[in-house]
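Visitor: I need the structure of the sequence given here:
(3 chains)
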Amino acid sequence: MPELPEVEVVRRGIEPYTRGFVIESVQVFDPRALTRHEGPSEDFIHRLTGSTLEAAVRRGKFLWLPIGQGEALVCHLGMSGQVLLGEHPDQFGPLLRVALQLRGPGRKDMVWGFVDQRLFGSLAIDQLVDTGVSVPAGLGSDSSQIPRQVAHIARDLLDPAVDDRQLATTIRRKSSGIKRVLLDQSVLSGVGNIYADEALWRAKLHYDYPAHRLSLTKARELLGHLRDVFAQALEDGGTSFDWQYVNVNGQSGYFSQSLNAYGQAGKPCPRCGRIILREPFMNRSSFRCSRCQPRPRRRVG
DNA sequence: CGTTGGCCCTGATCGC
DNA sequence: TGCGATCAGGGCCAAC
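Guide: Now for the predicted structure:
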């Protein structure tokens, strides 16, 4: 379940193999991995073949690699996507959906493998459009251009252009529960189920706590917790909840060993010792401490 | 317009 | 051993 830290680990992993690397050939083993691409597989292959990668840029959970001509290869890992680097497509296993053969300047050839079990991830070629502001659109490039299909995605908490006070104000204008707001990629990006639960645990907030009832201070504190959780996960090389997430070198992350709430149902809260609960939330699960994160009371009147 | 609920997709795992 | 049920959840979109 790659979220911002895992995607950033992937970005850093592939970055040394982008600028100046030419895509010699493209193999699409399963066109369902191209659902974000407007057009058939042949179009994807044709537009990518012979192009030169310029950078590896990330905003939230979206990655894109500009290829010139105002276009970029856009990559979203979905739930189970992986980007693997190797020497031959055969080494990536049966879940390999797309392979790119790369030739680097003065280096031997290499293969970029897109592996995805559940097919929620995908690759696409998309037009780069102006964001309308001069600051970089994402991490990894100075360009202020962004793929059209990523334009509606908000900046993330590792983006220096994010103003916490302004973001906290935006959050406080929402009428939804706080977790739903954190997961809304048009408010802020990069947060998924795992890091939302971890940050809410640190902030001692229930997932249904109304966002508009947060004080400005509390909202900003929550953003700080999210940033801390991201930073710790990045240090650890990304969370790996199961074998599905492997970083670009094929190594599993291990932040999952330091999770306080997510996936800890039935275990004692590391802070107070009360049991961690698992509850249905938006067709998935939410984990919280039964004491530290009590269900909010209805406001009287 | 803001908000909300449901759907997509597959393979690992579990229970019988 | 076989097989159906269950589960994982990000992003999108229809509906309210």
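
Visitor: pretty sure A:Arg274 is touching A:Lys267, no?
Guide: No. In this structure A:Arg274 lies outside contact range of A:Lys267 using Cβ atoms under 8 Å: 10.3 Å. (Glycine included, C-beta is placed from N, CA and C.)

Visitor: What residues does the stretch 1-150 of chain A have near DNA strand B?
Guide: A:Arg32, A:Pro94, A:Leu95, A:Gln117, A:Arg118, A:Leu119, A:Phe120 (Cβ under 7 Å from any atom of the strand).

Visitor: in what helix or strand does the second one lie?
Guide: In other words, A:Pro94. Using DSSP states H and E, A:Pro94 is not contained in any helix or strand.

Visitor: Likewise for A:Ile23?
Guide: Going by DSSP H and E, A:Ile23 is in strand A:22-28.

Visitor: After that strand, which helix or strand is next?
Guide: Under the assignment DSSP H and E, the closest C-terminal helix or strand after strand A:22-28 is helix A:41-48.

Visitor: what's the helix or strand just after that following helix in contact with?
Guide: Using DSSP H and E, the helix or strand that follows helix A:41-48 in sequence is strand A:57-59. Outside of strand A:57-59, the residues within contact range by Cβ atoms under 8 Å, 6 or more residues apart in numbering are A:7-8, A:11, A:63-66, A:72, A:137-141, A:143, A:146, A:150, A:153, A:155-156, A:159, A:189.

Visitor: what's the spacing between the residue in chain A that DNA strand B sits nearest to and A:Leu53?
Guide: For chain A and DNA strand B, the shortest gap (Cβ to the nearest atom of the strand) falls at A:Ser176, measuring 3.1 Å. A:Ser176 sits at a distance of 39 Å from A:Leu53 (criterion: Cβ to Cβ, to the nearest Å).

Visitor: out of those two, which sits in the more crowded spot?
Guide: Using other Cβ atoms under 10 Å as the criterion, A:Ser176 and A:Leu53 rank with A:Leu53 on top: 24 against 16.

Visitor: Kindly report the residues of chain A close to DNA strand C.
Guide: Counting by Cβ under 7 Å from any atom of the strand, chain A sits next to DNA strand C at A:1, A:3, A:36, A:60-62, A:76, A:78-79, A:118, A:120, A:149, A:152-153, A:183, A:185, A:189, A:192-194, A:283-285.

Visitor: go again using 6 Å as the cut-off
Guide: Neighbours of DNA strand C within chain A, by Cβ under 6 Å from any atom of the strand: A:1, A:61, A:76, A:78-79, A:118, A:120, A:149, A:183, A:185, A:192-193, A:284-285.

Visitor: Fine by me, thanks again.
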